[in-house]
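Colleague: below: sequence and its predicted model.
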Amino acid sequence: MKVKVISRSVDEFTRERSQDLQRVFRNYDPSLRPQEKAVEYVRALNAVKLDKIFARPFIGALDGHVDAVSCMTKNPSQLKGIFSGSMDGDIRLWDLAARRTVCQFPGHQGAVRGLTASTDGRILVSCGTDCTIRLWNIPTTMESDDSTKSTAEPASVHVWKNAFWGVDHQWDGEHFATAGAQVDIWNHNRSQPINSFEWGSDTVISVRFNPGEPNLLATSASDRSIILYDLRMASPVRKMIMMTKTNSISWNPMEPINFTAANEDGNCYSYDARKLDEAKCVHKDHVSAVMDIDYSPTGREFVTGSYDRTVRLFQFNGGHSKEIYHTKRMQRVFCVKFSGDGSYVISGSDDTNLRLWKAKASEQLGVILPRERKKHEYHEAIKKRYKHLPEISRIAKHRHLPRPIYKASKLMHVMADAKRRKEEKRKAHSAPGSIKTQPLRRRRIIKEVE
C-alpha cells in the first residue's frame, strides 16, 4: 500500500529573519485588482512625502583649516581619503569616516590653487601662487589612531617663473598639466616642463585631462575662452570664446566626449567636444557665479558650488537642479567633489570648513535589510511611474530656499521675462526676417576659433 504525504518546508511560508510572520501570496491578475492604479498613486504620493520628511543631507563638517578652502582632490587609492588646500598654504589629508586630519603637508608660502593625485595613488601634486610645484608621497595607510596628526615633507619642489592657478594629472600616465600664464606639461622626474602651450596672452585658470583619451585636455582662461589641447600635436586643437568667464571644467567619466563648464553667469553649459558651436544643455538655477563642478563616477549627475553660498546637484541632461544644499554658516563655496563611490558630496567654502553631504538627501544610512532595500526600490519605481502627475511633481520639486537666494532667483525670472517680451515686441514691429534671435544653447557663445 502506498501513502502519499504532502511535505512543505516552513521556510517557504514564513518571511526571512522571523518565524511568526506568514508569507502572503498574491495573485497579480489585473481583473482581480480594479483599484490598482489608485492604490499605487497613493503609495507614490506617500513615498514622495516620506522623502521630504527624511531629507537630511548634511552629515558633518571637517574643521581644521584656519583659512578659506580653495581646492580639493580625491585619493584614488583610498575611498575615504580626500585632500584639501587652503588660502594660507596648508594642505591636509582627511579621513572622511572619522572626520579628522590624517596627515598635514605644509610648505606653500601663498594660497594653494591646485591639487591632484596620480592614478596609482602614490604622488600628490600641489601648486600655488608662490610659483612652486610640490610633489608629495601619499601615505599608504590611514591609521585610525586619534593621536597627533603626522606631518610630511615634499619629495621634490619645482620653482617656476609664474604663479599657478590649477593642476590636473593624467588619468593614465606620468604627466600632469599646470595652468597659469600658459599651459605647461610636466613629468614626475623632470624639474622643467616638457612642453608648453599658449593661445592668447591671458591667464589660464583651470585645466582638466580627458578620462578616456589621456593626451586630450581642456582649459579655460580669463579671456572667456575654452581651449582643447592635444599633447601629440604642437599646437592647440580648438578654441571657443564665450560671453562670460568659465571658472571650472569637468569631463563626463562615462561619456568622455562631453564636458560641462561652470560659468560666471550662474549657468553650467554641457558641450560635445566634437561640436562646440552650441551647448548640448544649459543647466540653470544658481543666482551667482559657479565656482567649481565635479561629475559623479556614474556620469549621470554632477555637483556644483557657487558664490551664492549653495551647493546644487544636477542631472547630466537636466536643465534645472534636482537638489540644493545650504546651511546658515556656509559661505561662498570654492570647491566641490563627489566621493569615489558617488554616495557623498564634499564641499569646501570660505568659512574654512569642509562639509560632507549625502548625494541623495533622503537616503538611509547604515545597514539596510533585504526587505528594506526591496521597499526602497519599490518606492523609487512607483515615484518614477507617477512623477508626471501634478501633485507628485509639485511635492518632489519643492525646496525651501534661503531668503536671499529666493529673492535673487525671483528677480532673475522677472528680468528674463521682461527681456523675452521685449524681443517679441521688437520682432513683431520689425520687417519679417530682419531680426534673428539665437536659441539659449547658442546665445552665450561669441565665436569659435579653429
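Modeller: Yep, that arrived.
Colleague: please make it C-alpha for all contacts and neighbour counts, starting now.
Modeller: Noted.
Colleague: for the stretch 251-400 of the chain, which segments count as helices?
Modeller: Along the stretch 251-400 of the chain, counting by DSSP state H, counting those that start in this stretch, helices occupy 370-385, 390-397.
Colleague: can I get those in TSV including mean pLDDT?
Modeller: Formatted as TSV, the helices of the stretch 251-400 of the chain follow (pLDDT from 0 to 100):
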stretch	mean pLDDT
helix 370-385	93
helix 390-397	94
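Colleague: could you dump these to TSV with distance to Phe105 and mean neighbour count?
Modeller: TSV is the format used below for those (distance: least, C-alpha to C-alpha, whole Å; neighbours: other C-alpha atoms under 10 Å):
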stretch	distance to Phe105	mean neighbour count
helix 370-385	42	14
helix 390-397	43	14
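Colleague: adding distance to Arg43, write those helices out as a markdown table.
Modeller: Converted to a markdown table, these look like this (distance: least, C-alpha to C-alpha, whole Å):
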| stretch | distance to Arg43 |
| --- | --- |
| helix 370-385 | 8 |
| helix 390-397 | 11 |
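Colleague: what's the closest non-adjacent residue to Asn187?
Modeller: His175 (4.8 Å; C-alpha to C-alpha, 6 or more residues apart in numbering).
Colleague: count of neighbours near the one you found?
Modeller: 19 (other C-alpha atoms under 10 Å).
Colleague: any idea how far Ala117 is from it?
Modeller: Separation of His175 from Ala117 (C-alpha to C-alpha, to the nearest Å): 11 Å.
Colleague: so what sits against both of those two?
Modeller: Contact criterion C-alpha atoms under 8 Å, 6 or more residues apart in numbering; residues shared by His175 and Ala117: His169.
Colleague: so in this protein, which helix runs the longest?
Modeller: For the chain, the helix with the greatest residue count under DSSP state H is helix 403-428.
Colleague: pLDDT weak spots in the stretch 351-450 of the chain?
Modeller: Across the stretch 351-450 of the chain, residues meeting the criterion (pLDDT under 70) sit at 447-450.
Colleague: now with 90?
Modeller: Applying pLDDT under 90 to the stretch 351-450 of the chain flags the ranges 364-366, 370-371, 432-450.
Colleague: which residues are contacting stretch 356-374?
Modeller: 51-52, 54-62, 323, 342-347.
Colleague: swap in stretch 200-219?
Modeller: So stretch 200-219 is contacted by 165-173, 177-183, 220-223, 226-232, 247-251, 253, 256 (C-alpha under 8 Å, 6+ apart).
Colleague: same question for stretch 245-256.
Modeller: 205-213, 218-226, 257-265, 290-299.
Colleague: go on, stretch 53-70?
Modeller: 84-88, 90, 99-101, 111-113, 325, 334-335, 348-363.
Colleague: which among those residues count as buried?
Modeller: Buried by 16 or more other C-alpha atoms under 10 Å: 84-88, 90, 99-101, 111-113, 325, 334-335, 348-361, out of the contacts of stretch 53-70.
Colleague: among these, which lie within strands?
Modeller: 84-86, 100-101, 112-113, 325, 334-335, 348-349, 353-358 (DSSP state E).
Colleague: among the contacts of stretch 356-374, name the buried ones.
Modeller: Buried among these (16+ other C-alpha under 10 Å): 51-52, 56-58, 61-62, 323, 342, 344-347.
Colleague: kindly reformat those as CSV containing pLDDT and distance to Ile445.
Modeller: Shown next, in CSV, are those (pLDDT from 0 to 100; distance: C-alpha to C-alpha, whole Å):
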residue, pLDDT, distance to Ile445
Asp51, 93, 39
Lys52, 93, 39
Arg56, 92, 39
Pro57, 94, 36
Phe58, 94, 37
Ala61, 93, 39
Leu62, 92, 39
Glu323, 93, 28
Gly342, 90, 32
Tyr344, 94, 33
Val345, 96, 31
Ile346, 95, 31
Ser347, 95, 29
